[in-house]
Structure formats: C-alpha cells, structure tokens
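Engineer: sharing a model prediction with you, sequence too.
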Amino acid sequence: MTAVLFTCAGQRVDIVTEFARAGATTIVADADRLAPTLYHADRYALVPRVDDPGYVPALAALVREYDVRLIVPLTDLDHMILADAREELAPALVLLPASDVCRQVGDKYLAHKLFIRLGLPSPPSWLAGEVPADARYPLFVKVREGFGSRHIHKAADARELEFFLGYTPVESFVQQACLGDEFSIDVFCDTDSRCLKAIPRTMIQSKGGESIKGETIKDEELIEHGCRVAEAIGIVGPANIQCFREPDGSLPVTDVNPRFGGAFPLPRAAGSRYPELALALARGERPEPALDEFRAGVFMTRFFSHLTLTQDGDGTLVPYAEELPDPVAADRD
C-alpha cells in the first residue's frame, strides 16, 4: 500500500477517504487539532503552521517515519513551500507543478499575464491605476492572492470602481466581467504535464467560491480546452480550471488552481479515478490519457456534516459516539 501524506488537509475528508478506498495508507498533517481530516485518516500529525521554519522538517520527518511516496496538498497555502522543498521531501513525489508555475497561478494578475503570454484567452485585466476610461462595465475588483472568493467586489460604474479600490484591504487588480456561462474543468496531468483526464462541469450554484451544485457534461470543446490550458501551463497532478463560454464563442480562463477542486466528489463519482492516477504516478507508472472515460449527467448537491470529539485521558482528541436516549424505551417507561 502506498503511503500518502496530505498537507493543510483541513475539511477535505472527501479526498482523504477516496484515496483510502483506492488503496492508499493515509497520513494527514495539519496545524489545527480540530481539522476533521485528522480523524478520518490512518495516521495523523499536528505540524507547525506553513510560515514556521519547522514546517518542512516536520513533513520530512513524516515522510521518513511512514515511508511516504506521495504528498498531496489540499489547499493553496503551502504550494510554493512544497514545490521548493522537493529534495527535502524525497523520495516522496510532491504532486505539484514547478514552483514558478505555482507562483504565477497563485497571483491572479500574474496568472492573467501568463495566460495571455501562452496564447490562452483571458478577460481584460489591469492593475488599479491602469484601468482605461473606455473599459466595459461591470468590472470586478479581485484580490491578487487569495481563495474562496474573498475580497471580490463587482463595480457597475467608475464611481463604484473607485470606491471598491479604496475600500478593499488587500492588494487587488481589476478584471472585466464575463457575459457567458461559467464552467469548471477538473484536469489531471502526469509528471510530464500530459493531460490524462479533463472533466467539465456546470456551475449551478456556488457559495464562498466553492461549487455546491453542479453537473458533469461531455462537452468536447471544453475537454480539449482544459487539456490545452493544463499542458500549456505545465500542470502536474490535479488542477481546477475555471472559464466562461462567451457569446462570441471564446473560452476565457479566469482561474487555474493546481489542486483538487472543491467539487472533487462530482468528477470522482463520474469516474475520474484521480486517486488511482495519483497513486500510479507515485509508483513510477505512466498511465495513458483516457479523456472520454467518464459519465456525463452526474449531479452533485452538497450538505453540511459533522464529527464530535472528546478528550482522551492524555488530552488527545478522539471521535465521540454520543449515546442518545432510546425513544422506544422512553415510551415504555
């Protein structure tokens, strides 16, 4: 069984459990002892924060202790750190593209410039002081480095644009709003950036930047577009590509996140086999692309769940199964 280390695992129980079902030994690392993934893995470790000098050494110790062969970051917080620390984390495969790619796609304005440089369509975008007078509204004021749709404001005119640029507390840029339908394409590439899978899905509803309702679709144009974007950028492992289909037929890319998307359960249910592909890469195998091998018409609708914990004798948190009253026995009484 291949040991997989998940970093900044947080709430991504869905991903950790699917890797376990695919045959992995799961090790979860997080700084928060209340991270739900800790209690759904085979092993877990509390590690320093990503900005702590001890973060990478702590992960390297886990690689040695559990003979880890694959490292999968589950948020954007440590991409640059892990990409720069490949040698320290060897022999584990860090499932990320090169650090320069992580740096550019992590900064949404630099990502826009990268897309244009590679010949990929992207909505017109400017730094705060460079917005032309004839820019087409509405315009978005977007944070350059962030996730979860935080610090995004829609300006209907020049007055609102000026207000939001003064209001936002983070370094931002301005992007022209797209007019068409939005899609996400979940892709997976091998270590040579060959696209092995590309599964488009609709964005029926999202909250906080994360899809909670959607449907997989077999749209050949979107599949080809996802492959083209992923291979041009140099993606390794998973990525979520967000784009629009505009009235003129163009497919401008607004975001590329080099990790499993928030709607991971949907492509998984449709037959993505992403965990199996990741484990194959960790074993040094070279899977062949299978772009059309997934099911269209699979819907997802998400809901909240929970985990209750209690302190063990040494203060360690362990899952707690609350004993609820038996209503039948209560009726008999």
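Structural biologist: Nice, thanks for sending it over. Residues are numbered from 1 along each chain as shown.

Engineer: show me the strands in the stretch 151-300 of the chain, by range?
Structural biologist: In the stretch 151-300 of the chain, the segments counted as strands under DSSP state E, counting those that start in this stretch are 153-155, 172-176, 181-189, 195-202, 205-207, 210-215, 237-245, 253-257, 299-301.

Engineer: need these in a markdown table with mean neighbour count and distance to V94, can you?
Structural biologist: Where C-beta positions appear, they are placed from N, C-alpha and C, glycine not excepted. Converted to a markdown table, the strands of the stretch 151-300 of the chain look like this (neighbours: other CB atoms under 10 Å; distance: least, CB to CB, whole Å):
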| stretch | mean neighbour count | distance to V94 |
| --- | --- | --- |
| strand 153-155 | 17 | 35 |
| strand 172-176 | 21 | 29 |
| strand 181-189 | 23 | 14 |
| strand 195-202 | 25 | 18 |
| strand 205-207 | 13 | 29 |
| strand 210-215 | 18 | 24 |
| strand 237-245 | 24 | 9 |
| strand 253-257 | 22 | 16 |
| strand 299-301 | 15 | 28 |
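
Engineer: tell me which of those sits nearest to E65.
Structural biologist: Across these, E65 has its closest neighbour in strand 237-245 (23.3 Å, CB to CB).

Engineer: next, the angle strand 210-215 makes with that closest one.
Structural biologist: Put simply, strand 237-245 runs at 70 degrees to strand 210-215, going by axes from the mean of the first three to the mean of the last three CA atoms, to 10 degrees.

Engineer: sorry, back to before: any chance of the strands of the stretch 151-300 of the chain in JSON lines, with distance to P138 and mean pLDDT too?
Structural biologist: JSON lines is the format used below for these (distance: least, CB to CB, whole Å; pLDDT from 0 to 100):
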{"stretch": "strand 153-155", "distance to P138": "5", "mean pLDDT": "95"}
{"stretch": "strand 172-176", "distance to P138": "8", "mean pLDDT": "97"}
{"stretch": "strand 181-189", "distance to P138": "15", "mean pLDDT": "97"}
{"stretch": "strand 195-202", "distance to P138": "22", "mean pLDDT": "98"}
{"stretch": "strand 205-207", "distance to P138": "18", "mean pLDDT": "81"}
{"stretch": "strand 210-215", "distance to P138": "22", "mean pLDDT": "87"}
{"stretch": "strand 237-245", "distance to P138": "14", "mean pLDDT": "97"}
{"stretch": "strand 253-257", "distance to P138": "14", "mean pLDDT": "96"}
{"stretch": "strand 299-301", "distance to P138": "29", "mean pLDDT": "93"}
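
Engineer: redo those strands as TSV? Include distance to P132.
Structural biologist: Shown next, in TSV, are the strands of the stretch 151-300 of the chain (distance: least, CB to CB, whole Å):
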stretch	distance to P132
strand 153-155	14
strand 172-176	10
strand 181-189	25
strand 195-202	33
strand 205-207	30
strand 210-215	33
strand 237-245	21
strand 253-257	20
strand 299-301	40
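
Engineer: quick one, which of those gets closest to V28.
Structural biologist: V28 lies closest, by CB to CB, to one member of the strands of the stretch 151-300 of the chain: strand 237-245, at 17.4 Å.

Engineer: and the contacts of the closest one?
Structural biologist: Applying CB atoms under 8 Å, 6 or more residues apart in numbering, the external contacts of strand 237-245 come out as 72, 95-97, 123, 178-189, 222, 225-226, 229-230, 233, 251-262, 274, 278, 281.

Engineer: mind listing what's buried along stretch 130-148?
Structural biologist: By neighbour count with 16 or more other CB atoms under 10 Å, stretch 130-148 contains the buried residues V131, A135, L139, F140, V141, K142, V143, R144, G146, F147.

Engineer: for stretch 263-272, same thing?
Structural biologist: For stretch 263-272, the neighbour count (16+ other CB under 10 Å) marks A263, F264, L266, P267, R268, A270, S272 as buried.

Engineer: what pLDDT does the first one get?
Structural biologist: Think A263. With respect to pLDDT, A263 has a value of 92.

Engineer: use 22 as the first number for this chain going forward.
Structural biologist: Yes, from this point I'll number from 22; that puts the last item at A284.

Engineer: separation between it and G258?
Structural biologist: 17 Å (CB to CB, to the nearest Å).

Engineer: nearest to D335, of the strands of the stretch 172-321 of the chain?
Structural biologist: Checking these against D335 by CB to CB gives strand 231-236 as the closest, at 35.8 Å.

Engineer: what pairs with that closest one, parallel or antiparallel?
Structural biologist: Partner strands and pairing direction for strand 231-236 (DSSP bridges) are strand 226-228 (antiparallel), strand 320-322 (antiparallel).

Engineer: for the ones you listed, give me TSV that also has distance to T23.
Structural biologist: Shown next, in TSV, are the strands paired with strand 231-236 (distance: least, CB to CB, whole Å):
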stretch	distance to T23
strand 226-228	33
strand 320-322	27
